[in-house]
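Trainee: sequence first, predicted coordinates after that:
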Amino acid sequence: MDIQFNKNEDEQKLAWGTVKKQLEKIYEGGGKKAIEKQKEKNKLVARERIAYLCDDGKPFIEIGAFAGFGMYEEYGGCPAGGTVSGIGYVSGRQCVIVANDQTVKAGAWFPITGKKNLRMQEIAMENHLPVIYIVDSAGVFLPMQDEIFPDKEHFGRIFRNNAKMSAMGITQIAAVTGACVAGGAYLPIMSDETLMVEGAGSIFLAGPYLVKAAIGEDADAETLGGAATHNELSGIADYKFKTEEECLDRVKRIISKLGKPKTAGFDRIEAIAPSKKTSDIYGIIAADNSKPYNVLDIINSIADGESFDEFKQDYGKTIVCGYARIDGWAVGIVANQRIIVKSKKGEMQLGGVIYNDSADKAARFIMNCNQKKIPLVFLQDVTGFMVGSRSEHSGIIKDGAKLVNAVANSVVPKITIITGNSYGAGNYAMCGKAYDPRFIYAWPGAKIAVMGGEQAAKTMLQIQVAGMKAKGQQVTAEEEKIILDTITAKYLAQTKAQYAASRLWIDAIIDPADTRKVISEGIAAADHNPDFAEFKVGVFQV
């Protein structure tokens, strides 16, 4: 091990340590007092409910833990978007699980809550996974109702998706462990089966206070919409239980009886350990993404030993493409390269820039994987496409468009891991969020932005200073530096993985050592959907 490797390892582990501390705080939900109130009511908190539901020893891949991170501070924050969700195994079956966190504003829905729940439904629909809703919510957060209620991607879209998933044959089970109010009352009733906990679960369009105000009737929550009411009178619910544990046990029994799903038929054989130790992955990339490295070292840390077959090895060297296996699954890998290579003109650093030949190679490889029905894994560390007169004269826009076309029209599952930089059009070409990856994750040091921080800050500085001078203001060198430092600090904060994760531009920030696991679980989920559209790339310039 060299000095740089050891330094990278320390920095990456420190970066992941920072993320872990932030996650520990997020896992507290609304705080210790709110958790104690749940316990006083003999209720489990959201994470306990999921832990009880999921099979022991099987992975649970949490999605959206950072949702809302650093947002809504004027309302006291919204840890994890007020919802705990992910993909786990229940009775041996991979399921999407969504649990309201009642400790966060009584489980009320903020704008990011709606976005997170829609993302989970999208995952269920794309991968044909059963959905388990654990409901305990006060409904829409009224101070922000205009940002969560009426638009296409707002609260009501969830019930539309309930109906669409039912038509697709996707099983939906709702365990009502707490309040289920107003529009939110439709979610459990639009599920296939509804289970309620006596004395805790309730479903009604209007609660006691609103009923009193609207029609003058006095009625308590149990009479309006408790477990007995909906199991014995309205017939809305299907089961009632005295405890949450009994309720969740029945959910397990229901899932255990589901018919076996069809599969997409992605090839999998017995897994082989990677040729490099998984722990070596920490030492490959500098946490600030400033040093060159060989992306093959990452590939050999996550792919099954000796399984990687490189495609067009000597052509288009700023992108590495090849077939491999990850945990036994056959995959196609598209990865940005950051090594220093020697050419006739001397040494040249491949800094994650996409050149004409690399774009051409990657587009061809993506088409091959679609032809062969092989899932794609993108390892993003890209600063964009090459610029300058030479590249423009060579048709870099045309070759870039060819790659973007192939990525956009790809029909096989795409899983994206942002290991370093994700800048500009490179984000698009390497299957960023806008290009429908089935799953997209980032390492702790990842940066996502339209361009690098230094370039962006200087560009914005020039614009701001020019505007000030146009108004007759004199700007000293010292003032310019203050403005530049302010712009840089704000811009860099917006490029961090936490900023992206809080807005669900990525599904999660992961421990680099878990890269192999999340890819494998992602393909396992995708294998549940056997429906493929025909691969077509449309019209593009050759």
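Mentor: Perfect, thanks for sending it.
Trainee: C-alpha only now, for contacts and for neighbours.
Mentor: Will do.
Trainee: so what's the residue count around the residue lying closest to residue 509 once chain neighbours are set aside?
Mentor: Closest residue in space to residue 509, ignoring its immediate chain neighbours: residue 442 at 4.9 Å, by Cα to Cα, 6 or more residues apart in numbering. Using other Cα atoms under 10 Å, residue 442 has 30 neighbouring residues.
Trainee: show me what residue 442 bridges to in the sheet.
Mentor: Beta bridges link residue 442 to residue 418, residue 509, judged by DSSP bridges.
Trainee: so it sits against residue 418, correct?
Mentor: Yes - using Cα atoms under 8 Å, residue 442 is in contact with residue 418, at 4.5 Å.
Trainee: so in the chain, which helix runs the longest?
Mentor: Determined from DSSP state H, the single longest helix within the chain is helix 3-26.
Trainee: what about the residue nearest to residue 509, distance to residue 121?
Mentor: Relative to residue 121, residue 442 is positioned 21 Å away (criterion: Cα to Cα, to the nearest Å).
Trainee: low-confidence stretches in the stretch 301-450 of the chain?
Mentor: Residue ranges of the stretch 301-450 of the chain with pLDDT under 70: 341-350, 393, 395.
Trainee: and the helices in it?
Mentor: Secondary structure of the stretch 301-450 of the chain by DSSP state H, counting those that start in this stretch: the helices cover 356-372, 389-393, 396-409, 424-429.
Trainee: and the nearest residue to residue 163 once chain neighbours are set aside, how close does it get to residue 226?
Mentor: Among residues not flanking residue 163 along the chain, residue 190 sits closest, at 6.7 Å (Cα to Cα, 6+ apart). Using Cα to Cα, we find residue 190 at a distance of 18 Å from residue 226.
Trainee: more crowded one of these two?
Mentor: Each of residue 190 and residue 226 has its neighbours counted (other Cα under 10 Å); residue 226 has more, 24 against 19.
Trainee: which residues of the stretch 401-542 of the chain fall in strands?
Mentor: Along the stretch 401-542 of the chain, counting by DSSP state E, counting those that start in this stretch, strands occupy 414-423, 439-442, 447-449, 508-509.
Trainee: I'd like those laid out as CSV, including distance to residue 55.
Mentor: As requested, these are exported to CSV (distance: least, Cα to Cα, whole Å):
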stretch, distance to residue 55
strand 414-423, 25
strand 439-442, 22
strand 447-449, 35
strand 508-509, 22
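Trainee: out of the ones you listed, the one nearest residue 48 is which?
Mentor: Residue 48 lies closest, by Cα to Cα, to one member of those: strand 508-509, at 20.1 Å.
Trainee: what is the closest one packed up against?
Mentor: Contacts defined by 3 or more Cα pairs under 8 Å, 6 or more residues apart in numbering; DSSP states H and E place strand 508-509 against strand 439-442, helix 497-502.
Trainee: helices or strands up against the last one?
Mentor: Which is helix 497-502. strand 447-449, strand 508-509.
Trainee: give me the distance from it to the chain's centre.
Mentor: Relative to its chain's centre, helix 497-502 lies at 10 Å (Cα atoms, centre = their mean, to the nearest Å).
Trainee: same check on stretch 385-398?
Mentor: That offset, for stretch 385-398, works out to 33 Å (Cα atoms, centre = their mean).
Trainee: can you measure across it, start residue to end residue?
Mentor: End-to-end distance of stretch 385-398 (Cα to Cα): 11 Å.
Trainee: what do you get for stretch 122-134?
Mentor: Start and end residues of stretch 122-134 are separated by 18 Å (Cα to Cα).
Trainee: what of stretch 222-231?
Mentor: Stretch 222-231 has an end-to-end distance of 12 Å (Cα to Cα).
Trainee: residue 75 and residue 146: what is the separation?
Mentor: Distance of residue 75 to residue 146, given as Cα to Cα: 16 Å.
Trainee: tell me which of those two has more neighbours.
Mentor: residue 146 (13 against 9).
Trainee: contacting residues around the more buried one?
Mentor: The contact partners of residue 146, by Cα atoms under 8 Å, 6 or more residues apart in numbering, come to none.
Trainee: please tell me the pLDDT value assigned to it.
Mentor: At residue 146, the pLDDT value in this model is 88.
Trainee: same deal with residue 115?
Mentor: Residue 115 is assigned 96 on the pLDDT scale.
Trainee: check contacts around it.
Mentor: For residue 115, the contacting residues are 153, 154, 504, by Cα under 8 Å, 6+ apart.
Trainee: give me the phi and psi for the first one.
Mentor: Reported as degrees, to the nearest 10, the phi and psi values for residue 153 are phi -100, psi 30.
Trainee: from residue 495, how far out is the closest residue to it other than its chain neighbours?
Mentor: In space, and not counting its chain neighbours, residue 153 is closest to residue 115: 7.3 Å by Cα to Cα, 6+ apart. Distance, residue 115 to residue 495, by Cα to Cα: 20 Å.
Trainee: cool, and residue 514?
Mentor: Using Cα to Cα, we find residue 514 at a distance of 22 Å from residue 495.
Trainee: who has more neighbours out of the two?
Mentor: Applying other Cα under 10 Å to residue 514 and residue 495 shows that residue 495 carries more neighbours, namely 22 against 14.
Trainee: my read: that one touches residue 451, true?
Mentor: No - with contact defined as Cα under 8 Å, residue 495 does not count as touching residue 451 (9.4 Å).
Trainee: dump the C-alpha coordinates for the helix or strand residue 48 falls within into CSV.
Mentor: Element membership for residue 48 (DSSP states H and E) is helix 46-53. Extracted C-alpha coordinates of helix 46-53, given in CSV (Å, rounded to 0.1, in the frame of the first residue of the first chain):
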residue,chain,number,x,y,z
ALA,A,46,-41.3,3.2,12.3
ARG,A,47,-37.9,1.6,12.3
GLU,A,48,-38.9,-0.9,14.9
ARG,A,49,-42.0,-1.9,12.8
ILE,A,50,-39.8,-2.4,9.7
ALA,A,51,-37.2,-4.4,11.7
TYR,A,52,-40.0,-6.6,13.1
LEU,A,53,-41.5,-7.2,9.7
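Trainee: following element in sequence after it, please.
Mentor: Per DSSP H and E, the first helix or strand lying C-terminal to helix 46-53 is strand 61-62.
Trainee: about what we covered before: give me the contact list for the longest helix of the chain.
Mentor: Under Cα under 8 Å, 6+ apart, the answer for helix 3-26 is 65-66, 79-80, 282-287, 444-445, 509, 511.
Trainee: again, only this time at 10 Å
Mentor: Helix 3-26 has contacts (Cα atoms under 10 Å, 6 or more residues apart in numbering) with 27, 31, 65-69, 78-82, 279-289, 291, 293, 443-445, 497-498, 509-512.
Trainee: what of stretch 465-482?
Mentor: 460, 461, 462, 464, 483, 484, 485, 486, 487, 488.
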